[in-house]
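Asker: okay, sequence plus prediction incoming.
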Amino acid sequence: MPTQRRRAQDFTGKEADRLAKERDEAAVERAAEITMAQDAAREVKSEVVDYVTPKAVEPSAAVEVRQPYRTVRIKEDMKDVTYGAGKHYDFEAGRTYKLATDFADHLDGKGFVWH
């Protein structure tokens, strides 16, 4: 929509025209971005996902698999050890225990586990 020519003293009108022109240019740029994004999404959706043919897996860096538990032998007698909310344990020296890996690592870090 063509705008009227503004008088030289009409700063507000000139500023409104400038801002309207910037807004229109930004809207055109944004529409182009949206179109490109939609085209990319259509292209991705048009690709066939193959769940039948097994894919070759290339070995990558070594992966450490943590076991959910660990068997440890305790060095000292310990009574009423708290680990976790409301969980208390008693340990006897020289006895072997099967513990959650995090708990066993905690006791090992404190120096209570035989190696």
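Answerer: Yep, that arrived.

Asker: average pLDDT for the longest helix along the chain?
Answerer: Using DSSP state H to define each element, the chain has its longest helix at helix 11-46. In this model, helix 11-46 carries a mean pLDDT of 90.

Asker: which strands and helices lie in contact with the helix or strand following that helix?
Answerer: Counting by DSSP states H and E, the element after helix 11-46 in chain order, helix or strand, is strand 69-73. Other helices and strands packing on strand 69-73, by 3 or more CB pairs under 8 Å, 6 or more residues apart in numbering; DSSP states H and E, are strand 96-100, helix 101-110. Bear in mind the C-beta positions are built from the backbone N, C-alpha and C, glycine included.

Asker: residue 30 is nearest to which of the ones you listed?
Answerer: helix 101-110 (50.0 Å; CB to CB).

Asker: give me the contacts around that closest one.
Answerer: 66-70, 72, 74, 83-84, 99, 113 (CB atoms under 8 Å, 6 or more residues apart in numbering).

Asker: for ChimeraX, what selects the buried ones among those residues?
Answerer: To isolate the buried ones among the contacts of helix 101-110 in ChimeraX, judged by 16 or more other CB atoms under 10 Å, type:
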select :70,72,74,99,113
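
Asker: farthest-apart pair in the contacts of helix 101-110, please.
Answerer: Checking the contacts of helix 101-110 with CB to CB, the most distant pair is 66 and 74, at 20.9 Å.

Asker: count the residues that sit near residue 13.
Answerer: Neighbour count for residue 13, taken as other CB atoms under 10 Å: 14.

Asker: doesn't residue 19 make contact with it?
Answerer: No: using CB atoms under 8 Å, residue 13 is not in contact with residue 19, being 10.9 Å away.

Asker: of the helices and strands packed on strand 69-73, which is nearest residue 58?
Answerer: Closest to residue 58 of the helices and strands packed on strand 69-73 is helix 101-110 (CB to CB; 28.9 Å).

Asker: and the closest one, what's buried?
Answerer: Along helix 101-110, these residues count as buried under the neighbour rule (16+ other CB under 10 Å): 103-104, 107.
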